[in-house]
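In: how would this look folded up:
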Amino acid sequence: MSQERFDIYFAGELLPDHAPEAVKQWLGAQFKLQGQALEQLFSGQAVRIKQGVDMDTAGRYRAAFRKAGALLEIRPISASAEAAPQPATPTEDATPASPSGSEPELLPANTGSLEDCAVPVTAAPIPDIGHMALDAPEHPLDDTPPAPPADIDISQLSAQPANSGDLSDCVQDKPARPIPDISQIQLAED
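Out: Purely as a prediction, here's the structure:
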């Protein structure tokens, strides 16, 4: 099992259909932030929320933030150290780390979970089908009468015996095209 550690960043990105004020309220309650410190989380700059956590903890943070309507960025510590060497946690002075418009990074294999991406589904009530019954197989479901056969006159057509013809009458004569001058082209030597 890998002992890789991760840093968790938040840059104010929200999921569609989530009210920014509700997300701010949730984050303020979770991190005991208010005023300027809370506003700095939504400044558009990535702020490190948690440092040096394992894969399971990072997944739990991602799920909790997604449930509240916010998107996190989880970076391996090696990538975090190169991208943002001195970011602060939101409970300290909350110094911005990197622009939120930076390229997304791929997480290592087998990190995270898709549970936080699942769309909630409510079960639909099952309709009462007690009045329905199956009919016998010989009774078609569609009572529409079949279409009458097409009346096509083929009296003027005839067929030749098998293997008695050729395709010469199908050949199309095309004018020959001149060959372009390729004398200036040379093969490159290795």
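
In: quick one: the residue most central in space within the chain from R48, how far?
Out: With distances taken as C-alpha atoms, centre = their mean, C117 lies nearest the centre of the chain, 10.7 Å away. If you measure C117 against R48 using C-beta to C-beta, to the nearest Å, the figure is 23 Å. From N, CA and C alone the C-beta is placed, and that goes for glycine too.

In: run through this protein and note the low-pLDDT ranges.
Out: Counting by pLDDT under 70, the chain contains low-confidence ranges at 1-2, 79-107, 112-116.

In: try it again at 80.
Out: Across the chain, the ranges flagged by pLDDT under 80 are 1-3, 30-31, 33, 37, 78-120, 134-143, 165, 190.

In: this structure: strands as residue ranges?
Out: Under the criterion DSSP state E, strands of the chain are mapped to 6-14, 47-53, 70-76.

In: I'd like these as a markdown table, with mean neighbour count and distance to P175 appended.
Out: Formatted as a markdown table, those follow (neighbours: other C-beta atoms under 10 Å; distance: least, C-beta to C-beta, whole Å):
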| stretch | mean neighbour count | distance to P175 |
| --- | --- | --- |
| strand 6-14 | 21 | 64 |
| strand 47-53 | 19 | 73 |
| strand 70-76 | 21 | 64 |
